[in-house]
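**Student:** please find the sequence and the predicted model below.
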Amino acid sequence: TYVVTDNCIRCKYMDCVEVCPVDCFYEGENMLVIHPDECIDCGVCEPECPAEAISPDTEPGLDKWLTLNAEYAAKWPNITIKRDTPADAEEFDGEEGKLEKYFS
Ligand code: SF4
Ligand code: F3S
C-alpha cells in the first residue's frame, strides 16, 4: 500500500484524490490518509502530490504512518472530489514535526 506522511498535514493539496482509481483517500481536518486495504498499489498518486507526502510503505521508517493511515481511514469520511487547497498551504510545506503540532 501507499501511505500519506507528515508533509500532507496543513498542506492538503488534494491532487491525490483526483487520480486515485479506487477512491481510497479519507479526509481529516488537516490531512488525508489512504485506506491500506483498498489501495491497489498503482503508484499514480505519489508523483501527483506537490508536497511529496505520499510513499510506498516498503520504504523504511514508515511503520508509524502506515498505522496512522489505517487507523484514521477507518474513522474519517471518504473523499473523492478535490476541493480548494488551504490558502496557507505553502507556508507549511516542508515544516518539520507537523504531526505533533497540527494533526487533526
Ligand atoms: Fe490510490 Fe493508487 Fe495511490 Fe493507492 S497508490 S492511493 S490506489 S492512486
Ligand atoms: Fe496531502 Fe499531497 Fe494529497 S499534500 S492531500 S497527500 S496531494
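**Tutor:** All right, it came through fine. Residues are numbered from 1 along each chain as shown. Ligands and ions are numbered 1, 2, ... in the order given.

**Student:** quick one: list the elements packing against the longest helix along the chain.
**Tutor:** Of all the segments of type helix in the chain, defined by DSSP state H, the longest one is helix 63-73. For helix 63-73, the helices and strands in contact under the criterion 3 or more CB pairs under 8 Å, 6 or more residues apart in numbering; DSSP states H and E are strand 2-4, strand 32-34. C-betas here are computed from N, CA, C, even on glycine.

**Student:** can you tell me what sits against whichever helix or strand comes after the first one?
**Tutor:** To tie it back to what came earlier, the one meant is strand 2-4. The first helix or strand that comes after strand 2-4 along the chain, using DSSP states H and E, is helix 15-19. Residues outside helix 15-19 that contact it (CB atoms under 8 Å, 6 or more residues apart in numbering): 4, 25, 32, 44-45, 48-50, 54, 79-82.

**Student:** after helix 15-19 comes which helix or strand?
**Tutor:** Next element after helix 15-19 (DSSP H and E): strand 25-27.
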